[in-house]
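Colleague: this one's structure only:
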C-alpha cells in the first residue's frame, strides 16, 4: 500500500495515462486472445464447414449471406485478421508510449524532489551523510521504480488478465481440459519467485566482486608510480589475477544458476504443452473437443505460460522496489531548512557577538565559550587562532549553518535569527578554506553568485583576486572546464577563484575563513590591498593563522580553545603578554638568526 | 583533452579490420565457441521441431486418426525434445558464460599487463578515469558482444535458414508469401534499431550528468548554502532531468512504434496465408495442418529477424569500444629495454636473480636536454656529478625542473639528448628493472594501498619476514604508533590509507623504502604541514634512511634542507646556486630570499603547535 501511495505522489497529471495503460494492456490481452478464436472460427466453420454452435453468431452469419458467402469471399477472413492486428498494434503502441511517458515523468518528478530535498537539508545533515550511499539511492533506487513503471507494471497486468481471460474461455470450452492446462502455473510462479528472490544473493556477490576488481584496478593505476618505482609490477599482476578470477568465477556461477533456472522452467513449460497436446488429441478423438477448439487450447497455452513464468520474476522485483522506496523515504525523512521565513531589512554591516556559546547537539564539549565582540560597519577585524580553536564554527554561526546554543549574534542590532536565512546569506560573503568548484567553466563558476554579471565584471573581480593572469594562461582561458573532465586547480588557485566569486556579489559583510592559506604571503597581501581599495564600506572579517594577514586590521581577536583571549590592534597586542606577542617574537628571533648567519 | 572525450556514436559501417583483430584475440577460446555454435544448431533445430510436432499432432492424430501406438512414439519424441531443449538452454548459458567471462578476464589481464609496462609519460598524459573506462565498461561490453550477441546472431541466422528450408520444402508457394515480407521488415528493423540505440546512448550520457549533479549537490553543500545557490542549482538539475525525460520518451516512443510495425507486417503475412491457404484447403490442394504450421512459422520468423537488426546495430556501437581497447593494447612504451639488456638484467616482470652489477651510487648528468613538449624546454645542457653517499637537496619554485631531474634519474623519463651515468655507465645500457630494484622512492603524497600496514610495508619485498618488517618500522620510528593501533601491524589502512594521518602514512612509506634497502634514494617531500611531534619523527627517519646512500630530496622543509650535504637551487632548469646552507645564506642571493620568505610561516605554525601542547598539558593538570 505504501508503494502505491509513494508512486501516486509523483504521478501528478499522469494518473489518467496510467489508467490508459491499464486499458491498453487489457485490450491487448483481449485482442491477443481473440485472434485464435477468429482463426478457429474460420478453420472450423468456414474451411472445415462445421455447424455454428452459438445461436447469435449463426443468425449474424445468416444475415450476411451464410458460410457459403464467406467461403466465396475468403478475403473477409484476411481483412478481419488485419483489422484485429491493427487494433492490437494500436494497443501495443499506446501501452509502450504511455509506459515511457509515465515512467519517465515519475522518475523526473522523483529525481527533482530528491535533489530539491537534499539541497534544502540543513548543513548538519550534509555533514552526517555518506555521499556515495546517498547518490546510490538517488540513482539505482529511482531506477528500480522507473523500471517497474516502464514495463513490469503493464506486464504484470497483462499476465494476470491473459491468464484470467484465457482460463475463463478455456473453462467454457472444456472444463476438464482447462484444469489440466493450468496445472503447472502455480509451480511456475512460485519457482520463478523463489529463484529470483534467492538469486539476489548471487547477483550481489557477483556485483561485489566486480566492485572489488574495479577498485583494485583503480588503486593500482593511481599508485602506478609507486609500483614502478618498487618494481612490483609482477606482484600487482598476480593480485589482479586473483581479483579478476574471483569475479570471473562468481559471475560464471551466476550464469550457470540462471541457465539452470531457465532450463528447468523451459522444461516445465514445454512438458505442460505436451500434456495439453496429448490430452487434446484424446479429447478430439472422444468428440469432446472440436478441432478448432483444440487449436484454441494449444495457442492459449503458449500465450499464458510465458507471461505467467515472468510473473514470478516481477513479483520478486516488486519486493526489491519496496525496499528501494523505503530507502528513498529515509532521505525524505531528513528535515528541511526554512530559508524563506523572516525579515529582509537591508543589512548595513554591524556585527555583534553577545555571550555566544556553541556546541554540537550530539556532544557536550563546548566549541565556543562566552564569545563577545563588536565590529562596526566598514571595519576590518582579524581573528587569529590555532587549528581547532573554534574559528570556523564562529563562521558557521554567522551564516546560520548552525545556530548558537546560547547567547545571541546581532547584525545591525537585530538577532540574526530574525532574518530570512536566504537574505542573511546573500548579504554575508563567505570564502571557505576549501572552496568547492562545480564542474563547469571557470567563468561559470565565478558567475554563480550573480548570474546577471557581465564579462567585464567577472574579469574585474578575477583581477582583484589575483587569479586573472592564471586563468588567461590556460588554453581556453575563462572557458576552461574545472574538475574531473577539465583542469585540476591547485588549492591556492581554487581559493582565489572562490574569492572572485564571493566579491562579485558585493556584500556588506565579507568573511575570509582561512581562505588565503594556500596562497603565498605576497599574493595574500596584494589581494587584501586591492580589496581594501574597492570595498571601503564592507565589514571584513579575516580568519587566519598568519600574523602578516592580521597585523593591518582595525581589531585583532585571538581565539584559543573557544575563548577570546586577546583583543586589540597590532600595536597593542605586541606589547601584551600572550599568544600574539609570542608568535611575533619567535619570528623576529628567527629573522635575527638569519642576520646572524649572514654575519658569520 | 579532446582525444579523451567519449567518442560520439557515428553511423559508420562495420570496420572489418577491427573485428579481425578481436577475433584473433578470441582464438584461445575457439573450442568453446565451436561447441556453442553446435549447441546453437541444436537449439535452432528444436525451434523448428516444435511447430512441426504440432502440425503432426493435428494432421496425423486428429485429422487422420492414426493408432494410439503411434501416439506413444509421438509423445516420447516430443518429450525427448523437451528434455533436450532444457539441457541445451543450460548448456548455452554455461558455455556463453564461460566465453564471456574467460574472454573478459584474458583481455583485462592483457590490458593490465600492458599498462604496467608503459612508461610514466603515458600516465602523466592519460586520465585514470579514461583508463578505467577501457578496463571496465569497454571490455565488459566487448566480451558480452562476442559471447551472447554473436551467438544470438548465429541463432537468428540458423533459425531463419532452418525455417526457410522447411517452408520451401513443405510448400514453396506459401513460403514465398511469407518471405515476401522479409526485405521490408529487414529495412524497417535496421532503421529503427540504429535510432533506438543512438537514443539509448544519449540517455546514458544525460544519466551520468544527473549522477554527477547529485554528487556535487551533496559534496558542495556548504558552498551552495553560503552562496544561496539552492534554487539555481535546482533549476539546472531540473533542466538535466527534463532533458533526460525528453530523450527517454523519444527512445520509448521509437521502441513502442517499432514493435507494432513488426507485428503489423507479420499480420499481413498471416492474413495472406489465411486467404490463399484457406482457399487451397477448400479446394483440397493443401493439408489443414500445413496451413497451421505456416501460421506458426510466420510469427516465429520475425523474432530472429528483429534480433539480427538489433545485433548489427549493437556491433556498430561496440566497435568504438573495440577500437579503444585495441588502441590501448597496441600502445608502445616510450621507454624500452633492448633485448640484450633484458637478457642480462631481466625484464620488469622477470627480474634476473641474483642482481647484476649492484649500484655504488655515483651519478652523473652529462649535457642532458629534456622537455615534455618541444616548445617548452625544461632542462638544457644540464650537468651534475654526485659522489656516492651524498645527500642532495633540490630547492626551487614549482615548475623549476626539480621533479624532472628526479624523474630522469629514476628513468621514469629518458633524456632527449645527453646521457645519465650510474657508476660511470650510461643507464640505458641496463634495464629499467635493474634500476628500480635498487631504488628507494618516497612520494610527496604517500600512496598506500588498501590492506594492512604489514602488507604496505612489505610492498617492495614480498619475502620479508615479520622481524624484518618490524625492524624497518623501528628504524623510521613508526613501530610505536603502529603498536598503539588496535590491531597493530594487521590494522587495515583503508582505501588509499584514508584511516591514517598524513604523517603516519609518510612514516609507513619510509618503512616501505627502508625494507627494500635500496642503493639510491629519491624523496619528494610533502608540502603539507604536519604537527611538531610527527615532524620530529620524520626527520629522524630521513636521517636514518639516507645514511651512506646517494640520495636526492625535493625539499620543502627547513630542517631537511639544512642537513643536506649539498643544496642545489634550481631555477628555470638551471642550477643557479649550490653549496651547503651556510655558504648559500652568505651569498644573500635567491636561496636567502626563499629561505626568509618561505619559512616564516613554518615557524608560526610551530608556535601554534607548541601553544596547543602547552594548553593541553595545562588543562590536564
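Modeller: Here it is on my side, so go on. This one's a predicted model, so the numbers in the text were calculated from it and none came from an experiment.
Colleague: burial count for residue A:328?
Modeller: A count of nearby residues for residue A:328, using other Cβ atoms under 10 Å in any protein chain shown, gives 21. Quick note: C-beta positions are derived from backbone N, CA and C, even for glycine.
Colleague: same thing with residue A:262?
Modeller: Residue A:262, neighbours per other Cβ under 10 Å, totals 17.
Colleague: show me where pLDDT drops low in the stretch 1-150 of chain A?
Modeller: The stretch 1-150 of chain A contains residues with pLDDT under 70 at A:1, A:43-44, A:47-48, A:53-55.
Colleague: mind listing the helices in it by residue range?
Modeller: A:2-9, A:15-41, A:55-64, A:66-72, A:75-119, A:123-128, A:131-136, A:142-147 (DSSP state H, counting those that start in this stretch).
Colleague: host element of residue A:382?
Modeller: Applying DSSP states H and E as the criterion places residue A:382 in strand A:380-384.
Colleague: tell me the angle the helix or strand that that strand is followed by makes with strand A:380-384.
Modeller: Note on strand A:380-384: by DSSP H and E, the next helix or strand toward the C-terminus is helix A:391-398. On the basis of axes from the mean of the first three to the mean of the last three Cα atoms, to 10 degrees, helix A:391-398 is oriented at 130 degrees to strand A:380-384.
Colleague: could you export the helices of the stretch 1-150 of chain A as TSV, including distance to chain B and mean neighbour count?
Modeller: What follows is the helices of the stretch 1-150 of chain A, written out as TSV (distance: least, Cβ to the nearest Cβ, whole Å; neighbours: other Cβ atoms under 10 Å in any protein chain shown):
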stretch	distance to chain B	mean neighbour count
helix A:2-9	16	13
helix A:15-41	8	19
helix A:55-64	16	11
helix A:66-72	6	15
helix A:75-119	2	21
helix A:123-128	4	16
helix A:131-136	5	15
helix A:142-147	9	19
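Colleague: between those helices, which one is closest to residue A:49.
Modeller: Evaluated over the helices of the stretch 1-150 of chain A, closeness to residue A:49 peaks at helix A:66-72, with 6.7 Å, by Cβ to Cβ.
Colleague: residue B:26 contacts residue B:146, doesn't it?
Modeller: Yes: look at residue B:26 against residue B:146 with Cβ atoms under 8 Å: they come within range, at 5.9 Å.
Colleague: and for the two, which residues touch both?
Modeller: Listed as contacting both residue B:26 and residue B:146 by Cβ atoms under 8 Å, 6 or more residues apart in numbering or on different chains are residue B:103.
Colleague: so between those two, which is more surrounded?
Modeller: Neighbour comparison, residue B:26 and residue B:146: the larger count goes to residue B:146, with 26 against 21 (by other Cβ under 10 Å).
Colleague: does that one touch residue B:27 like I think?
Modeller: No: look at residue B:146 against residue B:27 with Cβ under 8 Å: they stay out of range, at 11.7 Å.
Colleague: looking at the helices of the stretch 1-150 of chain A, which is nearest to residue B:82?
Modeller: helix A:15-41 (22.5 Å).
Colleague: give me the helices and strands touching the closest one, please.
Modeller: Judged by 3 or more Cβ pairs under 8 Å, 6 or more residues apart in numbering or on different chains; DSSP states H and E, helix A:15-41 is in contact with helix A:75-119, helix A:153-173, helix A:291-332.
Colleague: the last one close to chain B?
Modeller: Okay, so that is helix A:291-332. Yes: Helix A:291-332 is in contact with chain B by Cβ under 8 Å from any Cβ of the partner chain, via A:291, A:294-295, A:298.
Colleague: can I get those residues in JSON lines including distance to residue A:355?
Modeller: Listed next are the residues of helix A:291-332 next to chain B as JSON lines, based on distance: Cβ to Cβ, whole Å:
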{"residue": "A:291", "distance to residue A:355": "98"}
{"residue": "A:294", "distance to residue A:355": "93"}
{"residue": "A:295", "distance to residue A:355": "91"}
{"residue": "A:298", "distance to residue A:355": "88"}
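Colleague: follow-up on the earlier one: for residue B:468, find the nearest of the helices of the stretch 1-150 of chain A.
Modeller: Nearest to residue B:468, of all the helices of the stretch 1-150 of chain A, is helix A:131-136, at 37.6 Å by Cβ to Cβ.
Colleague: host element of residue 366?
Modeller: Going with chain A. In the assignment (DSSP H and E), residue A:366 maps to no helix and no strand.
Colleague: could you do chain B instead?
Modeller: Applying DSSP H and E, one finds residue B:366 within strand B:363-373.
Colleague: tell me what the lengthiest helix in chain A is packed against?
Modeller: The residue-count maximum for a helix in chain A (DSSP state H) belongs to helix A:233-286. Applying 3+ Cβ pairs under 8 Å, 6+ apart, one finds that helix A:233-286 contacts helix A:175-181, helix A:185-222, helix A:291-332, helix B:30-56, helix B:68-117.
Colleague: please see if the first one touches chain B.
Modeller: In other words, helix A:175-181. No: judged by Cβ under 8 Å from any Cβ, helix A:175-181 makes no contact with chain B; its nearest approach is 14.1 Å.
Colleague: so which strand or helix has residue A:558?
Modeller: Under the assignment here (DSSP H and E), residue A:558 is part of strand A:555-560.
Colleague: could you save the helices of the stretch 1-150 of chain A as a markdown table and add columns showing distance to residue B:366?
Modeller: Converted to a markdown table, the helices of the stretch 1-150 of chain A look like this (distance: least, Cβ to Cβ, whole Å):
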| stretch | distance to residue B:366 |
| --- | --- |
| helix A:2-9 | 74 |
| helix A:15-41 | 78 |
| helix A:55-64 | 105 |
| helix A:66-72 | 103 |
| helix A:75-119 | 60 |
| helix A:123-128 | 56 |
| helix A:131-136 | 51 |
| helix A:142-147 | 61 |
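Colleague: nearest to residue B:492, of these?
Modeller: helix A:131-136 (18.2 Å).
Colleague: hmm, who's touching that closest one?
Modeller: With Cβ under 8 Å, 6+ apart, helix A:131-136 has contacts from A:118, A:331, B:211, B:214-215, B:218-219.
Colleague: re the thing from before, can you list the helices and strands packed on helix A:15-41 in a markdown table and add distance to residue A:40?
Modeller: Formatted as a markdown table, the helices and strands packed on helix A:15-41 follow (distance: least, Cβ to Cβ, whole Å):
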| stretch | distance to residue A:40 |
| --- | --- |
| helix A:75-119 | 12 |
| helix A:153-173 | 10 |
| helix A:291-332 | 3 |
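Colleague: so stretch A:148-157, near chain B or not?
Modeller: Yes: with Cβ under 8 Å from any Cβ as the criterion, chain B is reached by stretch A:148-157 at residue A:150.
Colleague: number of nearby residues for the residue lying closest to residue B:144 once chain neighbours are set aside?
Modeller: Nearest residue to residue B:144 in three dimensions, chain neighbours excluded: residue B:100, at 6.1 Å (Cβ to Cβ, 6 or more residues apart in numbering or on different chains). Neighbour count for residue B:100, taken as other Cβ under 10 Å: 24.
Colleague: ok, now residue B:576?
Modeller: 14.
Colleague: isn't there a helix covering it?
Modeller: No: judged by DSSP: H, G, I helix; E, B strand; the rest coil, residue B:576 forms no part of a helix; its state is strand.
Colleague: tell me the contacts of residue 214?
Modeller: Since you didn't name a chain, this refers to chain A. If you count contacts by Cβ under 8 Å, 6+ apart, then residue A:214 has B:132, B:135-136 around it.
Colleague: that was the other one, I meant chain B.
Modeller: By Cβ under 8 Å, 6+ apart, residue B:214 lies in contact with A:114-115, A:118, A:134-135, A:138-139.
Colleague: work out the gap between the helix or strand containing it and the centre of the chain.
Modeller: Using DSSP H and E, residue B:214 sits within helix B:182-219. Averaging C-alpha positions (Cα atoms, centre = their mean, to the nearest Å) puts helix B:182-219 23 Å from its chain's average.
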